[in-house]
Each structure stands twice: as structure tokens, then as C-alpha cells.
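In: build the 3D model from these lines:
(chains A and B)
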Amino acid sequence: KNEVEQSPQNLTAQEGEFITINCSYSVGISALHWLQQHPGGGIVSLFMLSSGKKKHGRLIATINIQEKHSSLHITASHPRDSAVYICAVNRGSTLGRLYFGRGTQLTVWP
Amino acid sequence: DAMVIQNPRYQVTQFGKPVTLSCSQTLNHNVMYWYQQKSSQAPKLLFHYYDKDFNNEADTPDNFQSRRPNTSFCFLDIRSPGLGDAAMYLCATSTTGRETQYFGPGTRLLVL
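Out: Take a look at the predicted model:
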């Protein structure tokens, strides 16, 4: 079983819809990351969280340490949000190493 | 702009012919990482450098080597590429290893 699980694996939405991607993990962590990967490969770091909630534009990330769960929300989705969204965690015991989820392919239709 | 640069963006090599992928950064970060990402899979860490200290993942094949001659540059050498080594290779950096990682655009390797 992967230490980091994401759901759903694929997500299709209509422009303007509110989107939620979930991530759960089974190990102790020092931080959780949400990453975005567009076709062509480049990865962009969206958020790094160790507690609570962060917001950047239309993106909101939350984490519940007790429940070992994080969510990424996109409000007013747009076709340019179409990408793979990856959850990854830093385990406290291993400096720098990220443990990745398998990613969620998001497609937003106009 | 400070960034992570990878060259080339696309590399075609022949089975068994050594290939070197390059990563440079203008962020002056201490830590540099090499990841391998195969189609529809999560990135897999191959190794990382904390300054000059090299850290190899236990399951990284011996066929993969790395060099970091200075803070700015890191190289991935594949000594004898096999068909299974065709993948996207991603370089990333971070300040201390406990912070956000900044990724380069990747090099897509094709092995013929």
C-alpha cells in the first residue's frame, strides 16, 4: 500500500465548478506538499503545509494532522487548471525525501 | 529570474550509449535532487546531494551516477541506458531539505 493515497485518480469538471482533491497518508510527516504538473512535465510547487490552511488565489489547501488528511480545493475552476495534481509528504526522519501520491488528473472543460 | 534549468529538454540515445543530463540552478540552494518519472507514475527519487554529500536511494540502479562539481550544477549520468530507462528526469532544489522543492522543466529521455 502506498504511503500517500490520492483520490480521485481522474476528475472532470465544467468551468466554474468547485473542485476538491483529497490526500491521505499513513506515516508521520513534517510537511505536506501540493504540486501541479502540466503536460510537458514541469512541476510547480503550490503549497507546503504543516498545519491548518493556506490560500493562494483560487487555490486553498487544508491539512488535518490528527486525521492524516489533506485537501486541495480549486474555486471557480478554469480550463487552464487542467493538470495533474500531486500530493507529497516529507517524513520527519528522512531529510528532503518526498513521498509522492500517484496524482490526480484534472480536466476542466469550457 | 532565479530558476532551475535542465538541458537538454529532450534527449534521444541508443541502447547502451552513455548519456549525461544536466541541471543548473541560480537559487543557491544547498540540496539538489534527481527524480525519474515514468509515464502516469509518480516521480521516483534517484539520489540527492546536500551540499557535497551524496545520498543514494537504496533501489537506484548502479547504472545511474551523479556528479555535483559545484553548488550550481548537478549531472545525471546513465552509463548504459536500457529501454526501461526511458522516462522524464526531473531535477529539483531546496534550501535545507525541509522546505519547498523547486523543480526544473525536466528532460525527456528516449532510448532507441
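
In: give the other helices and strands that the lowest-mean-pLDDT helix or strand in chain A contacts.
Out: In chain A, no helix or strand scores lower on mean pLDDT, DSSP states H and E than strand A:98-100, which sits at a mean of 88. When contacts are defined as 3 or more Cβ pairs under 8 Å, 6 or more residues apart in numbering or on different chains; DSSP states H and E, strand A:98-100 sits against strand A:83-91. Glycine gets a C-beta too; all of them are placed from N, C-alpha and C.

In: got the contact list for residue 4?
Out: If you meant another chain, say so; for now it's chain A. Each residue near A:Val4 by Cβ atoms under 8 Å, 6 or more residues apart in numbering or on different chains is listed here: A:Cys23, A:Ser24, A:Tyr25, A:Ser26, A:Cys87, A:Ala88, A:Val89, A:Tyr99, A:Phe100, A:Gly101.

In: let's do chain B instead
Out: B:Val4 is in contact with B:Cys23, B:Ser24, B:Gln25, B:Leu27, B:Cys91, B:Ala92, B:Thr93, B:Tyr102, B:Phe103, B:Gly104, counting by Cβ under 8 Å, 6+ apart.

In: can you list the low-confidence ranges for chain A?
Out: A:1, A:92-96 (pLDDT under 70).

In: same check, this time on chain B
Out: For chain B, applying pLDDT under 70 flags the ranges B:1-2, B:97-98.

In: same thing but at 50, please
Out: Along chain B, no part satisfies pLDDT under 50.

In: who in chain A is up against chain B?
Out: A:30-31, A:33, A:35, A:40-45, A:48, A:86, A:90, A:95-98, A:100-103 (Cβ under 8 Å from any Cβ of the partner chain).

In: could you look up the SS state of the spatially most central residue of chain B?
Out: Chain B has B:Trp34 as the residue nearest its centroid, 3.1 Å off, counting by Cα atoms, centre = their mean. Three-state call for B:Trp34 (DSSP: H, G, I helix; E, B strand; the rest coil): strand.

In: nearest spatial neighbour of it, chain-adjacent residues omitted?
Out: Using Cβ to Cβ, 6 or more residues apart in numbering or on different chains and skipping the chain neighbours, the partner closest in space to B:Trp34 is B:Leu46 (4.6 Å).

In: isn't A:Gln105 right next to A:Asn10, touching?
Out: Yes. At 4.8 Å, A:Gln105 counts as touching A:Asn10 under the criterion of Cβ atoms under 8 Å.

In: if anything else comes up later, I'll come back, but that's it for now.
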